[in-house]
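Peer 1: For reference, the sequence and a predicted model appear below.
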Amino acid sequence: MATAYDVVVIGGGPAGTAMASGLKARGKNVLIVENDLWGGTCPNRGCDPKKILLSAVEAKTAVENLQQKGLTGIPSVDWPALMRHKRGYTDGISAGTLNGLKGQKIATMHGQAYFRADGQLTVDGEKIATTDVVVATGQRPAILPITGHEYFKTSTDFLNLDQMPKRVTFVGGGYVGFELATIANAAGADVHLIHHNTRPLKAFDAGMVQALMTNLTTAGITFDLNRDLQTIEQQADGLHLIAADGFELVTDLVVCSAGRLPNDDHLGLENVGVRFGRHGIAVNDHLQTANPHIYAIGDVSDTPVPKLTPLAGYEARYLVTQLTQPGQAITYPVVPTQVYASPKLAQVGMGAATATNQSERYRVNELDMTKWFTYYRFGAQQALAKVIVDQTTGQVVGATVLSDLADELINYLTLLIEQHLTLADLQQIVLAYPTPASDLPYLY
Ligand SMILES: Cc1cc2nc3c(=O)[nH]c(=O)nc-3n(C[C@H](O)[C@H](O)[C@H](O)COP(=O)(O)OP(=O)(O)OC[C@H]3O[C@@H](n4cnc5c(N)ncnc54)[C@H](O)[C@@H]3O)c2cc1C
Ligand SMILES: NC(=O)c1ccc[n+]([C@@H]2O[C@H](COP(=O)([O-])OP(=O)(O)OC[C@H]3O[C@@H](n4cnc5c(N)ncnc54)[C@H](O)[C@@H]3O)[C@@H](O)[C@H]2O)c1
């Protein structure tokens with residue numbers, strides 16, 4: 001007789017693997033199902049390969065910034081070698097993740113999970129008996145349904161390019177568009193970013209986005225704002241990208257970076273009373289769907305937080321506790337988000353626009369840190385911050401940072417916010433000098 005599981009987890013990405021490990025550690029009989037690469041988006045075709053490729057951008061920028069300051073000669077990116085370096089990491093991820101799961105004695109299956117009816121879950125047609133199911137199937141790149149959409153490539157294709165084409169265009173000014181445009185530009189391509197309105201990266205501080213775009217424009221990226229792409233045509237000289245207003249651009253590679261779609265439309269969720277749609281699987285504040293035995297976590301769940309790897313893990317940890325010791329509704333901490341461009345743009349907590357509307361309570365410290373020792377020493381082009389302080393408590397409640405070190409500084413700022421630290425609290429702690437952390441008192 002087939003095994004009856006306590007929980008089946010569908011999806012072997014950061015959410016699903018954290019879920020399966022956590023349940024197993026608490027003695028549950030768990031099966032995890034994956035239909036593609038174990039490890040999911042983040043380590044195979046997302047965060048990690050992107051940041052490996054960014055390493056070359058960071059190193060090149062560091063050398064550029066020290067020209068006439070002790071270094072001569074600017075290195076160029078050897079794309080095939082950089083890609084080999086990336087694959088040296090990504091090629092082992094799927095097998096390594098699977099081995100890790102097996103090492104924990106977690107049951108695994110490779111195949112397509114599908115709900116035929118309530119209580120009838122199948123994997124590649126085989127019936128699986130289980131009490132509960134956790135859906136953690138993530139998202140996939142959205143493709144704009146325009147004429148010639150078949151010429152679109154995705155972030156997954158870009159992160160696995162054997163050669164960098166001469167001309168590369170991104171359509172959609174979000175995280176993916178900015179990050180991959182930064183990489184393609186540093187690798188020597190002529191890069192355009194087409195965006196359909198005048199406000200790319202709309203969740204980030206408008207002034208800081210403008211400053212980032214100015215930097216990227218100086219570095220060679222062309223921003224084609226307010227262009228509504230309608231058609232892609234293959235012609236002898238390349239792909240012609242044509243917008244509604246007659247704007248036309250010829251490129252060799254066009255990447256659709258206009259958002260991602262939840263993997264919730266191929267699971268038979270309609271057969272088991274689970275509501276789902278463009279924003280993902282509908283869940284309550286216990287991450288439970290309309291079917292009490294089915295839960296959803298990570299990118300595929302429709303929750304009020306950005307879709308990021310640390311949140312996939314956070315939701316998994318919450319649900320592990322919930323399935324073993326039911327209790328409180330989920331609450332989320334402040335979430336730092338960032339765009340790994342050049343420089344990096346990071347944000348956490350309250351934005352300056354909100355703070356300015358309540359100026360009797362909040363102070364916005366607008367800081368140009370470019371000449372501060374931390375940034376001066378490596379010749380940084382720009383280091384800006386907007387730090388929001390609650391004047392009634394003296395605590396930091398939000399920040400936006402634009403600098404080569406923003407990815408580190410934003411985590412310190414997140415700790416200050418989460419731990420409600422005032423300047424006086426911080427001055428009780430000794431931090432190594434000179435470092436970005438030892439600048440923290442000057443941000444208040
Ligand atoms: C280019 C890019 C860069 C990114 N950079 C960052 C970053 O720097 N920082 C950050 O925090 N986040 C980043 N993200 C987002 C991050 O990758 C996701 O938030 C994270 O992977 C979500 O984890 P998940 O487990 O919910 O989904 P996923 O990682 O997508 O995993 C879902 C898994 O489910 C599997 N699956 C789907 N359908 C089925 C099915 N029917 N049966 C079985 N298995 C199925 C999929 O194959 C996949 O392996 C990036 C994403 C992209 C695309
Ligand atoms: N650094 C990170 O943490 C990171 C990096 C990459 C991806 N991600 C995750 O992946 C998700 C998807 O990233 P993304 O950049 O694809 O999506 P996104 O939602 O961040 O950005 C998509 C952009 O495309 C624009 N757009 C929509 N339709 C368009 C059109 N017709 N023409 C031109 N522009 C159009 C939108 O206005 C938006 O600015 C992110 O929301 C995030 O959850 C995170």
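Peer 2: Sure thing, it's come through. Ligands and ions are numbered 1, 2, ... in the order given.
Peer 1: Spit out the contact partners of the residue most central in space within the chain.
Peer 2: Most central in the chain under CA atoms, centre = their mean is Leu308, positioned 4.9 Å from the mean C-alpha point. Leu308 makes contact with 335, 337, according to CB atoms under 8 Å, 6 or more residues apart in numbering. Heads up, the C-betas are built off the backbone N, CA and C, glycines and all.
Peer 1: my guess is Leu212 contacts Val339, does it?
Peer 2: Yes: using CB atoms under 8 Å, Leu212 is in contact with Val339, at 7.4 Å.
Peer 1: Tell me the gap between stretch 27-35 and the middle of its chain.
Peer 2: 25 Å (CA atoms, centre = their mean, to the nearest Å).
Peer 1: Give me the buried positions along that stretch.
Peer 2: Buried residues in stretch 27-35, defined by neighbour count with 16 or more other CB atoms under 10 Å: 28-35.
Peer 1: Would you list the phi and psi of Thr122?
Peer 2: Backbone geometry at Thr122, expressed as degrees, to the nearest 10, gives phi -130, psi 150.
Peer 1: how deep is the residue in the stretch 151-300 of the chain positioned nearest to ligand 2 tucked in, by neighbour count?
Peer 2: In the stretch 151-300 of the chain, no residue comes nearer to ligand 2 than Gly174, which is 1.8 Å away by CB to the nearest ligand atom. Gly174: 18 surrounding residues under other CB atoms under 10 Å.
Peer 1: Ligand 1 contacts on the stretch 251-400 of the chain?
Peer 2: Residues of the stretch 251-400 of the chain lying close to ligand 1 by CB under 6 Å from any ligand atom are 263, 266-267, 298-299, 307-310, 312, 340.
Peer 1: Now flag whichever of those is closest to Gly119.
Peer 2: Leu267 (15.1 Å; CB to CB).
Peer 1: Any idea how many residues pack against the closest one?
Peer 2: So Leu267, with other CB under 10 Å, has 24 neighbours.
Peer 1: and if you look at Phe158?
Peer 2: With other CB under 10 Å as criterion, Phe158 counts 24.
Peer 1: What separation do you get for it and Ala189?
Peer 2: 11 Å (CB to CB, to the nearest Å).
Peer 1: quick one: the helices in this protein?
Peer 2: For the chain, the helices defined by DSSP state H cover 14-25, 41-45, 47-65, 79-90, 93-103, 155-158, 175-186, 206-219, 309-324, 352-356, 373-376, 406-418, 423-426.
Peer 1: Just name the most buried of those helices.
Peer 2: helix 175-186 (a mean of 26; mean count of other CB atoms under 10 Å).
Peer 1: thinking again about what came up before, distance to Arg275 for the helices of the chain - can I get that in a markdown table?
Peer 2: Converted to a markdown table, the helices of the chain look like this (distance: least, CB to CB, whole Å):
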| stretch | distance to Arg275 |
| --- | --- |
| helix 14-25 | 19 |
| helix 41-45 | 24 |
| helix 47-65 | 29 |
| helix 79-90 | 35 |
| helix 93-103 | 30 |
| helix 155-158 | 28 |
| helix 175-186 | 27 |
| helix 206-219 | 34 |
| helix 309-324 | 18 |
| helix 352-356 | 31 |
| helix 373-376 | 49 |
| helix 406-418 | 33 |
| helix 423-426 | 45 |
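Peer 1: Could you export these as a markdown table, including mean pLDDT and distance to Tyr444?
Peer 2: Shown next, in a markdown table, are the helices of the chain (pLDDT from 0 to 100; distance: least, CB to CB, whole Å):
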| stretch | mean pLDDT | distance to Tyr444 |
| --- | --- | --- |
| helix 14-25 | 98 | 34 |
| helix 41-45 | 98 | 34 |
| helix 47-65 | 98 | 28 |
| helix 79-90 | 98 | 39 |
| helix 93-103 | 98 | 41 |
| helix 155-158 | 98 | 38 |
| helix 175-186 | 98 | 29 |
| helix 206-219 | 98 | 19 |
| helix 309-324 | 97 | 26 |
| helix 352-356 | 96 | 14 |
| helix 373-376 | 97 | 16 |
| helix 406-418 | 97 | 9 |
| helix 423-426 | 97 | 4 |
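Peer 1: shouldn't Thr41 be in contact with Gln139?
Peer 2: Yes: when contacts are counted by CB under 8 Å, Thr41 is listed as touching Gln139 (7.4 Å).
Peer 1: Enumerate the beta-bridge partners assigned to Gln288.
Peer 2: Beta-bridge pairing for Gln288 (DSSP bridges): Tyr295.
Peer 1: ok, it to Gly327 distance?
Peer 2: Gln288 sits 13 Å away from Gly327, taking CB to CB as the criterion.
Peer 1: next one: Met164
Peer 2: Separation of Met164 from Gly327 (CB to CB): 51 Å.
Peer 1: now do Leu409
Peer 2: Counting by CB to CB - Leu409 and Gly327 are separated by 35 Å.
Peer 1: go on, Ile10?
Peer 2: With distances taken as CB to CB, Ile10 is found 24 Å from Gly327.
Peer 1: one step back: which neighbours do Thr41 and Gln139 share?
Peer 2: In terms of CB under 8 Å, 6+ apart, Thr41 and Gln139 are both contacted by the residues Asp299.
Peer 1: which residues does Met224 contact?
Peer 2: Check again: residue 224 is Asp, not Met. 192-195, 243, 247, 249.
Peer 1: mind putting those in TSV, neighbour count and distance to Leu53 included?
Peer 2: As requested, the contacts of Asp224 are exported to TSV (neighbours: other CB atoms under 10 Å; distance: CB to CB, whole Å):
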residue	neighbour count	distance to Leu53
His192	21	19
Leu193	28	17
Ile194	26	21
His195	24	22
Ala243	17	29
Phe247	15	29
Leu249	19	24
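Peer 1: what's across from the closest residue to Arg260 other than its chain neighbours in the sheet?
Peer 2: Closest residue in space to Arg260, ignoring its immediate chain neighbours: Gln139 at 3.9 Å, by CB to CB, 6 or more residues apart in numbering. For Gln139, the beta-bridge partners under DSSP bridges are Pro262.
Peer 1: how many neighbours does Gln139 have?
Peer 2: When neighbours are counted by other CB under 10 Å, Gln139 registers 19.
Peer 1: so what's the closest residue to ligand 1 within the stretch 201-350 of the chain closest to, chain neighbours aside?
Peer 2: Taking CB to the nearest ligand atom, ligand 1 has its nearest neighbour within the stretch 201-350 of the chain at Gly298, 2.2 Å off. Taking CB to CB, 6+ apart, and ignoring the residues beside it in sequence, Gly298 has Ala15 as its nearest neighbour in space, at 2.8 Å.
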